[in-house]
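Got a sequence here, can you model it:
(2 chains, ligands or ions: 1)
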Amino acid sequence: MKILVPVKRVIDYNVKARVKADNSDVDLNNVKMALNPFCEIAVEEAIRIKEAGKATEVVVVSIGDKACQEQLRTALALGADKAIQIDTAEKLESLHVAKLLAKVVEQENPELVILGKQAIDSDNNQTGQMLAALTSRAQATFASEVIVEGDKVNVTREVDGGLQTIAVNLPAVVTTDLRLNEPRYATLPNIMKAKRKPLDVISAADLGVDLTPRITTVKVEEPSKREAGEIVADVATLVEKLKNEAKVI
Amino acid sequence: MSVLIIAEHEHGVLKSDTSKVVSATQKLGKSITVLVAGLNVSEVAAAASKIEGVSNVIVADNAAFEHQLAEDLADLVVELAGDYSHIFAAATTTGKNFMPRVAALLDKVQISDIIDVIDENTFKRPIYAGNAIATVQSAEDKHIVTVRSSAFDVAGEQAPAAVSTIDAVKENTLSSFVSQQETESERPELTAANVIISGGRGMQNGENFALLNGIADKLGAAIGASRAAVDAGFVPNDMQVGQTGKIVAPQLYIAVGISGAIQHLAGMKDSKVIVAINKDPDAPIFQVADYGLVADLFDVLPELEASL
Ligand SMILES: Cc1cc2nc3c(=O)[nH]c(=O)nc-3n(C[C@H](O)[C@H](O)[C@H](O)COP(=O)(O)OP(=O)(O)OC[C@H]3O[C@@H](n4cnc5c(N)ncnc54)[C@H](O)[C@@H]3O)c2cc1C
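Numbering: from 1, shown residues only, chains lettered A, B, ... in the order given. Here you go, the predicted structure:
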């Protein structure tokens, strides 16, 4: 079985995003970038399935300019076998990304696609579901456990009311939640080895997907600021303030 | 062209998220249809018909929809989609699951997690864990939108609107339900509670969460948690508040032993009043707290319970 793991280069999760002075976007100049945490979990899961002898190859793919090769190399260092960069300088919408990935699915024919449930920049939570729809596959989102058994995958999903387990037929699309696994760290020898693993570059333009934007960002603003309040001396003062000043209890 | 809202319900009860989505769409000034898909959902439909602003309710009562699997829901919505210019659902784990599938099947973009409706095709939504608010305009003729329900109020009530049924089902062969593990609780739901008290890694273990129980009882509060507390197995996943958990905006949010990471703040910083209890005076949570108590939680929680 082949597993495809689409990954995204995003702002490092420890960095607080700042809005540009002209309100056109978030300022990513000189900001530390990293593999999206949910994508890292997806890569880890694919590698574990391979290590368990249930998959033979893990292919990672990222869409972006040359910079995203850094994240592809990270994924290769974690244990992926091959990487594909879909080269584009455009800022794409989730539907575009899903359409480009559907083309890769067509070419690579993976039985399983594992993606992060959301990217921590756009916070859209759409791509996996869209890819499943476009490739007429089953979807199992927000996974906290993935068990591959023959031509089925049992996936436990984190839902608002608790946990739901579903069975999906392969080929399928799975998206990862936080508690699916704890990703390993890449070791130095593996980082060195990753430099020699194959990384193919395909031009997005060659995939025949219409990438005309359908969403315009009118402006990007800072959220309304919360002022730090006061430090109260003790529990009695806290309760008194909540009752008489804030009037919330 | 009018609005279609897919209802959110559980155990035969309509969730308040649906009413909040109705509030969100009222600004569009269009007629609003609510779709209730599920098994034995006549009471859900009746409740939906009484939300102020709803012009009619369509019920798809069928075993295929019992577990709200994305493939079945998406096919149903796509079948109905022709009549509507706006298709809305709450950004719950159900809405997040099937709506992008609907969008892709219709070859439309989706706008996720909106917090404001500016006009027919312009919406506001948080990005980067809520550290920026984007105003986005869609060029589509059909808008697929999920709504952050904490950003909207519950709509009023009205005399029941008309309810009709449809039996459009082609049961999907791709996925099937296996089991459900639900967290039983007598407390209000996190996303509907007026008061929330949340514990973090500072609680040290699951048993210590009992320290929050008495306070929650007295305040009628829901109990939440940080990711660290969930990851450590102190409490179940559905209690996680944050960027990637539940987004809440209660009247009062009490954070206990929570440091205030960006991702946690993303889920609660729109609460009306925030209280932080933390022994570290430099914890970032104090930067958003209206009232901070620098103290050991094991000392002050019993005292807090006693003084309420
Ligand atoms: C992709 C991604 C998504 C994430 N999503 C979420 C999310 O949705 N929600 C979320 O919460 N986090 C999320 N996180 C995790 C987040 O970054 C933090 O790691 C997490 O919120 C920390 O939880 P905490 O505050 O409980 O733990 P810590 O940061 O360890 O803080 C514990 C606090 O308890 C205090 N404390 C300890 N003992 C006591 C005591 N006896 N009395 C009083 N205070 C005490 C300490 O001073 C400290 O401030 C996410 C992270 C990533 C990478």
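
I'd like the distance from residue A:34 to residue A:142, if you could.
22 Å (CB to CB, to the nearest Å). Every C-beta, even on glycine, is put in place using the N, C-alpha and C of the backbone.

same deal with residue B:121?
29 Å.

cool, residue A:12 as well?
Taken as CB to CB, the span from residue A:12 to residue A:142 is 23 Å.

how many other residues sit next to the closest residue to residue B:52 other than its chain neighbours?
Spatially, and ignoring its direct neighbours in sequence, residue B:52 is nearest to residue B:156 (3.8 Å; CB to CB, 6 or more residues apart in numbering or on different chains). Look at residue B:156: counted by other CB atoms under 10 Å in any protein chain shown, it has 12 neighbours.

pLDDT value on residue B:156, please?
pLDDT, residue B:156: 97.

In stretch A:105-120, which residues are buried?
A:105, A:108, A:110-120 (16 or more other CB atoms under 10 Å in any protein chain shown).

do the same with stretch A:27-34
So, applying 16+ other CB under 10 Å, buried residues of stretch A:27-34: A:28, A:33, A:34.

The residue nearest to residue B:52 against residue B:54, yeah?
No - counting by CB atoms under 8 Å, residue B:54 is not a contact partner of residue B:156; they are 10.9 Å apart.

Now for the residue nearest the centre of chain B: which residues touch it?
Nearest residue to the geometric centre of chain B (CA atoms, centre = their mean): residue B:92, 4.5 Å. By CB atoms under 8 Å, 6 or more residues apart in numbering or on different chains, the contact set of residue B:92 is A:160, B:8, B:15, B:17, B:149, B:191.

nearest to residue A:211, of those residues?
For the contacts of residue B:92, the closest approach to residue A:211 (CB to CB) belongs to residue B:149, at 32.3 Å.

burial measure for that closest one, as a count.
The number of residues near residue B:149, taken as other CB under 10 Å, comes to 29.

With residue B:203 instead?
27.

from what I can see it touches residue B:210, true?
No - with contact defined as CB under 8 Å, residue B:203 does not count as touching residue B:210 (9.7 Å).

contacting residues for the closest residue to residue A:171 other than its chain neighbours?
Spatially, and ignoring its direct neighbours in sequence, residue A:171 is nearest to residue A:111 (4.9 Å; CB to CB, 6+ apart). Applying CB under 8 Å, 6+ apart to residue A:111 gives the contacts A:1, A:2, A:3, A:170, A:171, A:172.

Any quick ChimeraX command for the buried ones out of these?
Here is the ChimeraX command that selects the buried residues among these (16+ other CB under 10 Å):
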select /A:2,3,170,171,172
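
distance between the ends of stretch A:179-194?
26 Å (CA to CA, to the nearest Å).

Correction: the previous question concerned stretch B:236-254.
19 Å.

Check stretch B:80-97 too.
OK, stretch B:80-97 end separation, CA to CA: 18 Å.

same check, this time on stretch B:258-265
Termini of stretch B:258-265 sit 10 Å apart (CA to CA).

And stretch B:146-156, by the same measure?
Using CA to CA, the two ends of stretch B:146-156 sit 21 Å apart.

So that stretch, near the ligand or not?
No - Stretch B:146-156 stays clear of the ligand (CB under 6 Å from any ligand atom), getting no nearer than 13.9 Å.

can you pull the buried residues of that stretch?
B:146, B:147, B:148, B:149, B:150, B:151, B:152, B:154, B:155.

Which residues outside stretch B:135-146 are in contact with it?
A:213-221, B:81, B:84-91, B:95-96, B:99-100, B:102-103, B:106, B:108-114, B:118, B:120-125.

Drop anything exposed from the residues you listed.
If we count by 16+ other CB under 10 Å, the contacts of stretch B:135-146 have these buried: A:214-215, A:220, B:81, B:84-91, B:95-96, B:99-100, B:102-103, B:106, B:108-114, B:120-125.

Inside helices: which ones of these?
B:95, B:96, B:99, B:100, B:102, B:103 (DSSP state H).

What is the nearest of those residues to the ligand?
residue B:96 (13.7 Å; CB to the nearest ligand atom).

ok, now how distant is the closest one from residue A:175?
Taken as CB to CB, the span from residue B:96 to residue A:175 is 10 Å.
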